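> Here is the input, now give the coordinates:
(2 chains)
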Amino acid sequence: MMNDGKENGLIVGYDLCADHCRISYHTDDNEEPKDLVFSDEENPYLIRNAICKKKGEDSWIVGQEAYETALLGGGSIVDKLLRLTEHSGFASFEGVRYSAEELLQRFLQETLKVLYKESGKKTIREITFTVQVLSGTVLDALIRAMKAIGIERKRVHIVSHTESWLYFILSRSRELRSNVAVLFDLSGDGLNYYEMNLLRGMQPNIAHAERTFLEEGFSLDILDSQAGCRMADSIMTSCVDRMLKKKLVSSAYLSGSGMDHCQRWGSGFLKTLCERRRVFFVENLFAKGAVYAALDRMRETSAYPYRIMCEGRISVDISMDVVKGVRERTLMISEIGQNWYECKTSFDIIPDQAETLKLKVKKLGEKAPVDLEIPLHEFTKRGSKLTRIGVSVEFHSEDNFSVVLKDKGFGEFFPAGDTVVRRNFNVG
Amino acid sequence: MGRYLLCGKEAELPFEIEELDLRIYTIEELCYYIYNNLMLIGDDFIGDRLIDFIRNGLSMPEIADKIERFHTTASDLDATLVMLLSEVGYYTEPEIAQFSRALMKRRKTNGPERVRMKADGLAERKRYYAAIRYYRTLLREPRDGRMSSEFYLGVRESMADCYGRLCRFDRAFQTLAPIYEQTKSDRILKKMYDISVLSGSELPPVYFSKVPDTRLSEWQQDYWNRESRLKDRIRNAEVMQIFLKDPEKIKEALAGYTAAIKEEYRSMLE
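Here you go, the predicted model:
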C-alpha cells in the first residue's frame, strides 16, 4: 500500500555519499525538483549517514540527531553506512547483530519517512540513487534494501554522480552546455572535477561526461582557520587554472558541502572561475540530477536526443549474428551507453555446425568489430541442431562482463546436460 | 560456416503428443518432431489444439494465423507442414526439400501401409502397447485386397517383437507360431527358440522335435554370444557407470520406466 507507485507518487533523487546523503524530489505540482529539508542544522539538506538505536527500544534515529542521542547515552550509533555496506560488515546493538545491509535499509526507511512527511505523499513512483562509485556490492544491497522496504525493483535505479551531473546539465538551457560544462564538487569525499561536452557529428550525438578525482583535495576541517582558508583558496585557484586552461566553458558549477561558504574563503578562486564564465552554486546538485534522470527514464522517448556516455555506462556494443526464422539478423546484447548494472541479457540459441560461440565487440569510433569466441566442444554432441544453449551475458563493471553458456538439452528428446561454460572478458 | 539459430519462447504448458507420451515446449522441438515422425502424423495433427499452442503457448500469432488460414483453405496436411517448417527456419531449404520428398513417398502409400508405418514408428520409440494396438487393428480388420499375405505376416511378426520387448513371451510365441505354420521359415523358428529360452520354458516338441540337435546347438551358441555381447555393452554403458555409483538413481530410473509403461498400458485400455 505504502509504495504501490501510484501515478502521482514522488520522483526521488537520492544522493548517497560516504558520510552523508541528500534527497531531492519532484511531484506533479512542482516544476523543478525540491530539496528535502531534513533538519534545522547549518545545512538543512544534508543528512549524516548515521543510525542510532535507542536504548531499550525498537526505534531508530538517523542523521545528526543520531550522534546527539548517542552522545547523551541514549543509544548506540553506527556511521559511514555506505563503507560498512561495501565491506559487507556488521554492527551489534544491545547484543543483536545487524548486517550493514539491514542497517542501510533501516536508514533509508527512516529518511524516506521524513520525505513522505514533508511532501505529503506516501508513494514513490521512481527513485534514482546516485553514488560516487558504482560498486556491485552496494548496488545489490541498495536494490535488496528497497525491495525489503516495499519499493518494486522496476522503480529503483542507480546512477553515478557523473551521470547525475550529466542529466542535471542536460536539463539546463542549451546555452549553458553549448561548449564545455564543468563542475567542482568539494565534500568530505574529496575534490572532484566533472566535465561534460557534446560530441556532435555522430548518430545519435553523444553526451559525454567524466569525473577526475583531484589529488589536491583537502580536508574540510582546514576551513575552520584563516590560514587554512587561504590555503584552500590557493589550491582551488590552481585547480581552476589547470583544469579550465584553454577550454571554452559555457557554464561552471560548484557543489558539495565544502562549497557552502566558498564566498567566505575562496574569493581568489571565485574571481578566477568567474572570469568570462557563468558560474552557479547548486545545492543538492547530484540529487537533482538523479531526479532528472528518473524523470527522463519515465518518458517513452528521452527528452535528450543523445547517447549517454559516462561512468557507469557501457562503452562497447556487443552483438551476435543469429538466424531468426528465415532471416539473418544481428542480435544486440549490449549497447554503448547502457547502465552496466542493468545490462543482463539472456537468450537461447541452437548452434548449427558452429564449434564456437562468436560475439562481436565494437568500441565507439571503431569501424570493424572484434570477435570474441567461446569454444563449444565441452557440450555433449547430440547431432545437428539438437542442443539448446542458454546464453547469459552480465556486466560486472563498465569494462568487465561474463558470458555463461548452459546446456539446456533439446526438450524431452534430449535431456539437459550438466555442462556450464563461463568466460570473463575485459573490454577496457 | 556455422550459424546460430535464435530460439523462440519456451511454452509453460506443453503440446502433448499422447501416443508417445511426449511433451513439446518449443517451436524447434515441434519442427524436429514433425520432421522425424512423419509416419506418426495423421490428418488430425493440425487442429485447434496445435494452433492454440503456437499462438498462445509460443506467442507466435503470425505463424498460427498462417497455419489456420492455410489449413482451412487448402486443407492439405502436407502443404501445411511444409509451410510451417519453412516459416520457422529450423530446417534449411535442402532439408525441407528432403522432407517434401518423404511426404510424397508417404502420399503414395495406401491405408494399411500407413497404419503399419505408424505402428512401426511407435515401436521404434518404444511405445510397444500403442504399436500393438495398431498391428492388431490391421490383423483384425478385413484384409485389404491390395495387400499381399507377406504384408500381414510381417505385421504379425512386428507385433510379436513388441510382445517380446514387453517380456510377454507367451504372447510373442503365440503370435509367431501361426507365421511358422504358414511359412515353415527357419528364421521364425529361431525367433521362437530365442523366446522360449528367454522365458525359461521348455521347447514345445510340436515345433522343435524335428529340429536336428546340431541346429539347436548352433542356435544355443548364437543365443549365448548375443547375451554375452549385450551384457558387456550394458556394463560399459556410461549410464550404467553412473547407476552403479548412485543406487538412488537406479531407483529413480526404474520408477520412471515403470510409470511410463503403466501409463501407456492404461492409455491402451481406454
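
> and the residue of chain A found nearest chain B, what does it touch?
Closest approach of chain A to chain B (C-beta to the nearest C-beta) occurs at A:Ala354, with a separation of 2.6 Å. Just so you know, the C-beta spots here come from the backbone N, C-alpha and C atoms, and that holds for glycine as well. When contacts are counted by C-beta atoms under 8 Å, 6 or more residues apart in numbering or on different chains, A:Ala354 touches A:Leu376, B:Gly2, B:Arg3, B:Tyr4.

> Got phi/psi on A:Gly217?
Backbone torsions of A:Gly217, given as degrees, to the nearest 10, read phi -50, psi 150.

> That one reaches A:Ser187, doesn't it?
No: contact criterion C-beta atoms under 8 Å: A:Gly217 and A:Ser187 do not qualify, at 9.3 Å.

> can you map out the strands along the stretch 51-200 of chain A?
Assigned by DSSP state E, counting those that start in this stretch, the stretch 51-200 of chain A shows strands spanning A:60-62, A:75-79, A:90-93, A:96-99, A:124-131, A:156-160, A:180-187, A:190-199.

> Using CSV, list the CA coordinates for the strand or helix carrying A:Lys271.
Assigning secondary structure by DSSP states H and E places A:Lys271 in helix A:267-273. Only the C-alpha atoms of helix A:267-273 are listed here, as CSV (Å, rounded to 0.1, in the frame of the first residue of the first chain):
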residue,chain,number,x,y,z
SER,A,267,37.5,34.9,-3.1
GLY,A,268,40.6,34.3,-5.2
PHE,A,269,39.4,31.1,-6.9
LEU,A,270,35.9,32.5,-7.5
LYS,A,271,37.4,35.5,-9.2
THR,A,272,39.4,33.2,-11.5
LEU,A,273,36.5,31.0,-12.1
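
> now that we have the contacts of A:Ala354, which one has the most neighbours?
B:Tyr4 (22 neighbours; other C-beta atoms under 10 Å in any protein chain shown).

> tell me the contacts of it?
A:Met320, A:Asp321, A:Val322, A:Val323, A:Ile349, A:Ile350, A:Pro351, A:Asp352, A:Ala354, A:Leu357.

> Tell me the confidence at the closest residue to chain A within chain B?
Per C-beta to the nearest C-beta, the residue of chain B with the smallest distance to chain A is B:Gly2, at 2.6 Å. With respect to pLDDT, B:Gly2 scores 86.

> right, and the helix or strand after the helix or strand hosting B:Ala172?
Assigned by DSSP H and E, B:Ala172 falls within helix B:169-183. Reading on from helix B:169-183 to the C-terminus, the next helix or strand found by DSSP H and E is helix B:186-199.

> by how many degrees do that next one and helix B:169-183 diverge?
Relative orientation of helix B:186-199 and helix B:169-183, computed by axes from the mean of the first three to the mean of the last three C-alpha atoms, to 10 degrees: 160 degrees.

> Give me the contacts around helix B:186-199.
So helix B:186-199 is contacted by B:157, B:160, B:164, B:169-170, B:172-173, B:176-177, B:179-180, B:202-204, B:207-208, B:211, B:216, B:219-220, B:223 (C-beta under 8 Å, 6+ apart).

> switch the cut-off to 7 Å
B:Gly164, B:Phe169, B:Ala172, B:Phe173, B:Leu176, B:Ala177, B:Ile179, B:Tyr180, B:Leu203, B:Tyr207, B:Trp219, B:Tyr223 (C-beta atoms under 7 Å, 6 or more residues apart in numbering or on different chains).

> I'd like to know how far the second one sits from B:Ala123.
For B:Phe169, the distance to B:Ala123 equals 17 Å [C-beta to C-beta, to the nearest Å].

> For the residue of chain A most remote from its centre, grab phi and psi.
In chain A, A:Gly383 marks the outermost C-alpha relative to the chain mean, sitting 46.4 Å out by C-alpha atoms, centre = their mean. The phi and psi values for A:Gly383, taken as degrees, to the nearest 10, are phi 100, psi 170.

> Just name the most buried of the strands of the stretch 51-200 of chain A.
Among the strands of the stretch 51-200 of chain A, strand A:124-131 has the highest mean neighbour count (mean count of other C-beta atoms under 10 Å in any protein chain shown), at a mean of 26.

> In the sheet, which strands lie alongside that one, parallel or antiparallel?
Using DSSP bridges, strand A:124-131 pairs in its sheet with strand A:10-16 (parallel), strand A:156-160 (parallel).

> and the helix or strand following the longest one with strand A:10-16, angle?
Following the chain from strand A:10-16 toward its C-terminal end, the next helix or strand by DSSP H and E is strand A:20-26. An angle of 160 degrees separates the directions of strand A:20-26 and strand A:10-16 when computed by the same axes, to 10 degrees.

> Run through the chain and note the low-pLDDT ranges.
Let's take chain A. A:1-7, A:29-30 (pLDDT under 70).

> Let me rephrase: I mean chain B.
B:1, B:74, B:237-245, B:261-270.

> need the residues of it near chain A, please.
Within chain B, the positions adjacent to chain A are B:2-7, B:22-26, B:28-29, B:32, B:87-90 by C-beta under 7 Å from any C-beta of the partner chain.

> Only whichever of these are buried, select them in PyMOL.
Applying 16 or more other C-beta atoms under 10 Å in any protein chain shown to those, the buried members can be selected in PyMOL as follows:
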select buried, chain B and resi 3+4+5+6+7+22+24+25+26+28+29+32+87+88+89+90
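
> now, which of the residues of chain B next to chain A lie within helices?
Under the assignment DSSP state H, the residues of chain B next to chain A contribute B:Glu28, B:Glu29, B:Tyr32, B:Glu87, B:Val88 to helices.

> Next up, the contacts around the fourth one.
What it means is B:Glu87. By C-beta under 7 Å, 6+ apart, the residues touching B:Glu87 are A:Gly325, B:Ile63, B:Lys66.

> just curious, which of those is nearest to A:Gly228?
Nearest to A:Gly228, judged by C-beta to C-beta, of the contacts of B:Glu87 is A:Gly325 at 69.8 Å.

> Find the residue closest to the closest one in space, skipping its chain neighbours.
Using C-beta to C-beta, 6 or more residues apart in numbering or on different chains and skipping residues adjacent in sequence, the residue nearest A:Gly325 is B:Gly89, 4.5 Å away.

> one step back: which one of the strands of the stretch 51-200 of chain A lies closest to A:Cys343?
Shortest distance between A:Cys343 and the strands of the stretch 51-200 of chain A, using C-beta to C-beta, is found for strand A:156-160: 12.9 Å.

> who touches that closest one?
Applying C-beta under 7 Å, 6+ apart, the contact partners of strand A:156-160 are A:127-131, A:134, A:139, A:142-143, A:146, A:290, A:293-294, A:297, A:310-312, A:341.

> so who does B:Asp43 touch?
By C-beta under 7 Å, 6+ apart, the neighbours of B:Asp43 are B:Leu77.

> host element of it?
Assigned by DSSP H and E, B:Asp43 falls outside every helix and strand.

> my guess is A:Gly217 meets A:Gly188, correct?
No: proximity of A:Gly217 to A:Gly188 does not meet the contact threshold set by C-beta atoms under 7 Å, at 10.1 Å.

> These two: who's more crowded?
The residue with more neighbours, out of A:Gly217 and A:Gly188, is A:Gly217; 19 against 14, by other C-beta under 10 Å.

> Relative to A:Lys53, how far out is that one?
Distance, A:Gly217 to A:Lys53, by C-beta to C-beta: 34 Å.

> cool, and B:Met159?
B:Met159 is 80 Å from A:Lys53, by C-beta to C-beta.

> Quickly list the domain ranges of chain A.
Per automatic domain parsing, the domain ranges recorded for chain A read A:10-157, A:164-288, A:316-426.
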